[in-house]
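In: 3D, please:
(2 chains)
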Amino acid sequence: MRDHSHQYERVRASYNSRILPMLPSRARWLGCALLLIGQLCFASDWHSPAAQLAGKISAATGPGVIALEINNRSSISAADVEQIRGFFISELATGGVRVWQPDQAAAVAKVTLSENLNSYIWIAEVQQGTGEPKIAMISMDRPPSSLSAQNAPLLTLHATQLISQSQPILDLAVLEGNPRRAVVLSGSAVSVFDFKDGHWLQTQSLPIAHATSFPRDIRGRLVLRKDHLFDAYLPGVICHSSEAGSLSLNCSRSDDPWPLAIAEFGVSGFFAPARNFFTGVLTPGIGKQRSAPAFYSAAAIPKDKYVLWIFGGVDGQVHLLDGINQQTSSRLRWGSDIAGIRAACRPEWLVLATAQGDEEDSIQAFEIPDREPVAASQKLPIHGRVTALWTQQNGKAATAVYRNADTGNYEALQLTLVCGQ
Amino acid sequence: MRRFNLLLFVASSVIWSVAANAATRPHYGGTVRVAMHETPQSLDPLSLAQVGVPNISRFLFDTLVVLDDRGFAQPALATTWQAEPGNQRWRLTLRSGVSFNDGANLEPTAVAASLRAANPDWKVLPVSDMIIVQTGEPHPNLPAELALPRNGIVHGNPQVSGTGPFAVSQYVAGKHLSLVANDQYWGGRPFVDSMEIDFGQTGRDQMTSLDLGRIDLAEVAPENIRRARAEGHTVQSSSPAELMALAFAMPPRNDEEIHLRNALALSIDMPAINNVVLQGGGEATGALLPNWLSGYGFLFARVQNTEFARTERTLGKQSGPLVLAYDSQDLVARTVAERVMLNARDAGITVQLTTNGHGDMALTRVPLPSLNTQTALTGVALALQLPMPSFGNGSANDLYSAEKTLLQSHRVIPLVYLRSGVALQPGIRNFNMSPDGAWQMSNVWLGSDKP
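Out: As a prediction, this is how the structure comes out:
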């Protein structure tokens, strides 16, 4: 028999639990309270199916005394099994069936909590006398799973959960205002969400029309504009928003370069329309340098007299360009995705870089005092693989998207740096 | 002290940044070299499904619908579908802008022709950007059926072309297949540029080729999965998804024959066969569907009971030996058949083995046809020549009743569900197997540590 009790501890845990340890202590207590409430709510979900199956058992046995045996072949935790047992006993009593010792029982109900790919299957084998047992079963939807609770250490890199959806999120921009608004770019649409009553609610979805297929591991970038709301860059396609009347989207085939880092730096890179990387051709270039090795991502670090550009190369190396010299750091084992970010208490920009653990990615902030990155935060574990990391428009935050290893959903995080912790 | 801690933290962080593996994005390019045991003589979805290489079919051909890892239907060449009341008539809207690898556009007429060829009993009509599928009987699970590899959409005759992630560049029937990535694939071009597939390779040859760096991906038989892992290979395995069963050629003619078959079933020590012969590469079963798919399979669990078997044997009548046929090319089948013969003898039943294909019963392997329970049970029944199951309203209870009815026909004795395994070179990234053993190659890419 499989023992999934540990797995189910993961199932039951709070969705935002990974973020909790990074919150101030009061917020953590609040989070714990919400977690507890969530667990109680979830636990109460067992009551209805228990009542349903108990009804079938009592219909089979009639009023009297039975023995009840519960076996767990599912991912339901041992603690929940005990709660379910309680529900069964009380519901059977409602039907006039009392649960007692086997040697004094007229029938034995053997209940197995089982599951298949997408459902819980609860089965009762009711044995009365020596005949064939009567079989009764019910099924109910089973959630794919959810995040695990972890006690992560204190961090200076803060993550705030934004949007979660099954479609890949390529980029997300937050528009501060009332209500707070988020624009989410996926491969098929740009969706607008409003933050109301503590939740992000989708208010609009604008489909992206494109004639050719997008490449695998599709990338995309949202850039907020002053004369219109945003531009969306996708491989071989650009979409401009328009607000004449209602918000709409005009998409067309385009090989226009994508702005790198934030628009203020004024450097754009050409994206390979049938691949998942930038070709390396830059416009207008960095000082005298017009190109870099093909790269996945870029971060800009303004220095006194120049801007140091850092590229996460397709060759797996980190390339640094300062307008004159190009330096390659083969020693760094950063991931493909990097992004620049500012911290209020530091004069210089920092770099967020991904890295891969055994089962989870992580993100960490680095300072670049000279050419050697120095870790400036502890690593932030991400419960899944990071699929996007972009600097947000003001540079004070970055958007990270990861694919949740449990649910398969794409989760967008807003990352900010807080010093002094 | 605080300063020291800070220094320690910075130092450890720098070391960490050097030592950790990078979370790299997938790389485009390269060739994946694969070896397979089967020897497909034709490259159309029906033939490939018949010879048990649906993975090749998935490389070349798309279906209208696909099932995800939880068995739910997801859009593929059809973007939406809807049944009319009664579930006999389904409307499916086709994805636009898709081309076959021969350059022809995906048109409703081509889709209709393809489905009609694979399902002569269906009426399939092209209408505007849709097709209408009409079946003789209510078919509530039509989307799951359309997801079967045998229903891959083809164009052209006799040389067929598909819309899949790869296209054929060279094919020597039964020996070798060269595939190139479909740059225009609607689901995104695969990361690798090409695949080279050698057919007819034994398991031992495949592992030797893998060890010598000649191939990147080798099939691993269920009985070798444990050993391959112990030898340090990177092995992925499916859920137990291939049924090995004793299938009787004829239904029982009388109660005595039923008792004899019951006696045979009770005599077999399947856990021992799984642990010893199959090296734990499967799960003993008394059910037609694996428990991970049905959730109730354990209800059919059968425990060896030689004493009961002997009692049943006395109620049964055996006029001559029960002839058990097995595939002479299948060494594991031979060992299992021998074990069955020995177990049966302990219960007083005489079993005789044959490899000539004709017997009272055959040791049969049936790959799990689908991740949809009803479609899977129907497919297993079809493969074992059992009566077609009926499912009522489709509840778990109805499915259980349908499977119980099939088992009570006494036409089959389920023995074990087997896993399938694949050994990979370390540089192969993102290779995934579905629970049923299907290979997901479109997302595979080659890391820099590929030999």
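
In: How many neighbouring residues does the closest residue to B:Thr355 other than its chain neighbours have?
Out: Excluding its sequence neighbours, the residue lying closest to B:Thr355 (Cβ to Cβ, 6 or more residues apart in numbering or on different chains) is B:Ser328, at 3.8 Å. C-betas here are computed from N, CA, C, even on glycine. Residues lying near B:Ser328 (other Cβ atoms under 10 Å in any protein chain shown) number 12.

In: what's the average pLDDT for stretch A:266-282?
Out: For stretch A:266-282, mean pLDDT is 95.

In: can you list the domains in chain A?
Out: Listed by automatic domain parsing, the domain ranges of chain A are A:5-141, A:157-417.

In: Worst mean pLDDT among those domains?
Out: Per-segment mean pLDDT for the domains of chain A reaches its minimum on domain A:5-141, at a mean of 74.

In: gap between whichever strand or helix holds B:Ala333 and the chain center?
Out: Taking DSSP states H and E as the criterion, B:Ala333 maps to helix B:331-346. Relative to the chain's own centre, helix B:331-346 is displaced by 25 Å; criterion: Cα atoms, centre = their mean, to the nearest Å.

In: residues in contact with that helix?
Out: Residues from elsewhere that reach helix B:331-346 (Cβ atoms under 8 Å, 6 or more residues apart in numbering or on different chains): B:221-223, B:244, B:246, B:264, B:267-269, B:272-273, B:277-278, B:304, B:306, B:309, B:322, B:324, B:326-328, B:350-353, B:363, B:365, B:415.

In: Could you give the residue of the stretch 251-400 of chain B that lies closest to chain A?
Out: At 3.2 Å from chain A, B:Gly295 is the closest residue in the stretch 251-400 of chain B, using Cβ to the nearest Cβ.

In: Roughly how far does that residue sit from A:Tyr120?
Out: Distance, B:Gly295 to A:Tyr120, using Cβ to Cβ, to the nearest Å: 8 Å.

In: Need the residues touching each of these two.
Out: Here B:Gly295 and A:Tyr120 have A:Ser114, A:Ser139 as joint contacts, going by Cβ under 8 Å, 6+ apart.

In: higher neighbour count, the two?
Out: A count of neighbours by other Cβ under 10 Å puts B:Gly295 above the other of B:Gly295 and A:Tyr120, at 30 against 21.

In: Leaving out the residues flanking it, which one is nearest to the more buried one?
Out: A:Ile121 is the one closest to B:Gly295 (Cβ to Cβ, 6+ apart), at 3.2 Å.

In: quick revisit: list only buried entries from the contacts of helix B:331-346.
Out: If you count burial by 16 or more other Cβ atoms under 10 Å in any protein chain shown, the buried members of these come out as B:221-223, B:244, B:246, B:264, B:267-269, B:273, B:277-278, B:304, B:306, B:309, B:322, B:324, B:326-327, B:351, B:353, B:363, B:365, B:415.

In: Out of those, list just those in helices.
Out: If you go by DSSP state H, these have B:Leu264, B:Ser267, B:Thr306, B:Ala309 in helices.

In: tell me the contacts of the first one?
Out: The reference is to B:Leu264. So B:Leu264 contacts B:Leu246, B:Ala309, B:Leu322, B:Val340, B:Ala344, B:Ala347, B:Ile349, B:Val351, B:Ile413 (Cβ under 8 Å, 6+ apart).

In: now the second one: how far from B:Val277?
Out: Using Cβ to Cβ, we find B:Ala309 at a distance of 20 Å from B:Val277.

In: pretty sure B:Gly280 contacts B:Asn274?
Out: Yes - under the criterion of Cβ atoms under 8 Å, B:Gly280 makes contact with B:Asn274 at 6.5 Å.

In: more crowded one of the two?
Out: Set B:Gly280 next to B:Asn274 and count neighbours by other Cβ under 10 Å: B:Asn274 wins out with 25 against 14.

In: correct me, but that one touches B:Gly282?
Out: Yes - proximity of B:Asn274 to B:Gly282 meets the contact threshold set by Cβ under 8 Å, at 5.3 Å.

In: list the residues that contact both of these two?
Out: B:Val416.

In: quick revisit: sheet-wise, list the partners of the strand or helix carrying the residue nearest to B:Gly295 with their directions.
Out: Using DSSP H and E, A:Ile121 falls within strand A:119-127. When pairing is defined by DSSP bridges, strand A:119-127 lines up against strand A:107-115 (antiparallel), strand A:134-141 (antiparallel).

In: Would you mind checking the average pLDDT for stretch B:243-259?
Out: Here the average pLDDT along stretch B:243-259 is 95.

In: Equivalent analysis for stretch B:306-317, please.
Out: Rounded to a whole number, the mean pLDDT of stretch B:306-317 is 89.

In: Let me see the contact set for A:Ala189.
Out: By Cβ under 8 Å, 6+ apart, the contact list for A:Ala189 reads A:Gln167, A:Ser205, A:Leu206, A:Pro207, A:Ile208.

In: swap the cut-off to 7 Å and go again
Out: Applying Cβ atoms under 7 Å, 6 or more residues apart in numbering or on different chains to A:Ala189 gives the contacts A:Ser205, A:Leu206, A:Pro207, A:Ile208.

In: how much space between the last one and A:Ser377?
Out: Put plainly, it is A:Ile208. For A:Ile208, the distance to A:Ser377 equals 35 Å [Cβ to Cβ].

In: Quick check on those two: which one has the bigger neighbour count.
Out: Using other Cβ under 10 Å, the more surrounded residue of A:Ile208 and A:Ser377 is A:Ser377, with 23 against 18.

In: Distance of that one relative to A:Leu417?
Out: Distance, A:Ser377 to A:Leu417, by Cβ to Cβ: 7 Å.

In: How about A:Ser241?
Out: Distance of A:Ser241 to A:Leu417, given as Cβ to Cβ: 30 Å.

In: Same question for B:Pro85.
Out: Using Cβ to Cβ, B:Pro85 is found at 59 Å from A:Leu417.

In: And those two? Which one has more around it.
Out: The neighbour count for B:Pro85 versus A:Leu417, taken as other Cβ under 10 Å, is higher for A:Leu417 (22 against 7).

In: Would you confirm that A:His210 contacts A:Ile238?
Out: No - under the criterion of Cβ atoms under 7 Å, A:His210 makes no contact with A:Ile238, lying 10.2 Å away.
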